[in-house]
Every structure is written in C-alpha cells, then in structure tokens.
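> My questions are about this predicted structure, shown below with the sequence.
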Amino acid sequence: MPLDTTSYRIPVARTAADLREAVAAWRREGETVALVPTMGALHAGHLSLVDLARGKADRVIVSIFVNPTQFAPNEDFGAYPRTEADDAAKLAERAHLVYAPDAADMYPEGFSTTISLTGVTEPLEGTFRPTHFAGVATVVAKLVLRVLPDIAIFGEKDWQQLMVIRRMVADLDIPVEILGGPIMREADGLAMSSRNVYLSPDERKAAGQLNVILKETAAKVSGGAPIAEATKEGATRILALGFDKVDYLDIRDAASLAPFPSDRPTGPARILVAAKIGKTRLIDNMPV
C-alpha cells in the first residue's frame, strides 16, 4: 500500500513497509529523523512535543495508534477518542509524516511477544495497572524499531512511562535518544490530557487545584517535612476537593521511582499523583 497523500494535507503511512520506505528515502539524503509516538486526540501538549522534535531533527514522524495492549479490560479503550482527520490537520504544518497503523499491522496473527520490566514499572501506576507498562514497552519498542529514529520524544506528564522507556532502551541497547517534553498546562495549571474532555464543569474546577496541592506538598518536603506526613495531608486535601479516590500521592527518586529510605529526599525527586474524580482518572507530577 503506497503512502496516502490524498486524504489529508500530510502523508500517512498505514503499514510498516511504507513507513520504512519513506524513512529510507530520507536517510539516503542524510537527514535525521525524530519520532513522536501518540494515541491521537492531539492537544497543545502533544503539539509541543512535535515542535520540540522539529528543532531536533530534519524530519518528524508522528505515530497515531490507540494501543489495545496497554489498556486493562475495565479501562476505556473503546471510548478513547479517535480523531484522525482532526489530528492530521493539526500536524500538516508541523510534521512530515503520520504513521497510523491498524491493530492487525501492529499485532499480526500469531503475535506472542511482550516486553516486561521490573523495578521502575512496579510502584505507582504499576500497582494499580499491573499490565499497563508491558503494553507500553512492547508497542514503543515496535514503533522505534520500525522507524529507527535518531530521537523519540515523550511527554513528561507520563513521567513513569518516560522512565520505563529510558530503562528499556538502555537495557536492550536500542540506538535511540529518548527525550522528555515539558508538561503543558491549562491556565489554572491542570496538566493537558485527552481525558480532560470527560470532566464535568464542577469536576474541571476541582481538577484545576490538583497541581496546586502538588506544588504545596513538594514545598513542604523541600522545607524539611517528612514525605509520609506531607503526602498524607496532600491526599486528604485532594479528597476534600471532591475527588473520589487517590490511588497514590508520593515523592520518589526521579529516575528509579524507588522510595527514599529516610522519608526525606536524598537526591533528585519527583512528586507524582493519580486520582479519580467522577469517571476520569487524572495523573500529574512535578520536580521536588
């Protein structure tokens, strides 16, 4: 199947073969390549990653694939927004190629390999979504090996995911540089997310305070408060906003995500949260 150059104002590859042919043509010209993996439903946060990629490489590929293997049976795979035409329009002046495979291309009949990691995948999201990172690692490995980019860029909003991918690439000697793009936030500080559209007006107002509590909790720990004490107070404040559940609010080693043994940071640290309000589960993080 040749590249689709008629449906949108940006070429679209649907198969691995067409993707590789396009990349090979660029490589013959000595051009560098950046990959920005996404699941579509693009917002300003995604586009900031694409803009970052443009400053790092001659050619930019944005993949759009809602990956079924990173969703648990009770999660929102079927409801996840799919807006390919709108996404392609947003990318037309920013990227050089969209890679939009279907599930049969990514996981052909008989597919039976999964990449699993220990350590960095186990706490936080790993506790509440135990199959999630195996799905993420597997699809990212496939995307990177299909494109063979010089760099791949991921948003820091999914901080643990970024650490997982860096660990996987290092462990498997995959020759790609993994970069993180800063979290893009709404005017009130809410981290941009495709799932924010699910929030009711009251939920959206409460969600805008989540980042405030993160900042204040991090400041208390930086000022000498024990991590357990500060995060317990922070979780109580999140519930008081109207959130139904706090899966976690913790401060961890920024790279390994291991807890600090002394209940106080002894090196680079990150505060991370996952909390549910209504039907929407929000995550956020920031440095301490």
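Ah, there it is.
> Okay, strands next: where are they in the stretch 151-288 of the chain?
Residue ranges of the strands in the stretch 151-288 of the chain, as given by DSSP state E, counting those that start in this stretch, are 151-155, 177-181, 245-253, 269-277, 280-287.
> can you list the ones you listed in CSV and add mean neighbour count?
Glycine gets a C-beta too; all of them are placed from N, C-alpha and C. CSV is the format used below for these (neighbours: other C-beta atoms under 10 Å):
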stretch, mean neighbour count
strand 151-155, 23
strand 177-181, 18
strand 245-253, 20
strand 269-277, 22
strand 280-287, 20
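> possible to save those strands as JSON lines with distance to residue 234 and mean pLDDT?
Shown next, in JSON lines, are these (distance: least, C-beta to C-beta, whole Å; pLDDT from 0 to 100):
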{"stretch": "strand 151-155", "distance to residue 234": "23", "mean pLDDT": "98"}
{"stretch": "strand 177-181", "distance to residue 234": "24", "mean pLDDT": "98"}
{"stretch": "strand 245-253", "distance to residue 234": "5", "mean pLDDT": "98"}
{"stretch": "strand 269-277", "distance to residue 234": "8", "mean pLDDT": "98"}
{"stretch": "strand 280-287", "distance to residue 234": "12", "mean pLDDT": "97"}
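> can you redo those strands as CSV with distance to residue 263?
Rendered in CSV, the data for the strands of the stretch 151-288 of the chain read as follows (distance: least, C-beta to C-beta, whole Å):
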stretch, distance to residue 263
strand 151-155, 30
strand 177-181, 27
strand 245-253, 9
strand 269-277, 12
strand 280-287, 18
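> To residue 80, which of these lies closest?
Ranking these by distance to residue 80, with C-beta to C-beta as the measure, places strand 280-287 first at 12.4 Å.
> That closest one pairs with which strands, and in what direction?
Taking DSSP bridges as the criterion, strand 280-287 sits next to strand 269-277 (antiparallel) in its sheet.
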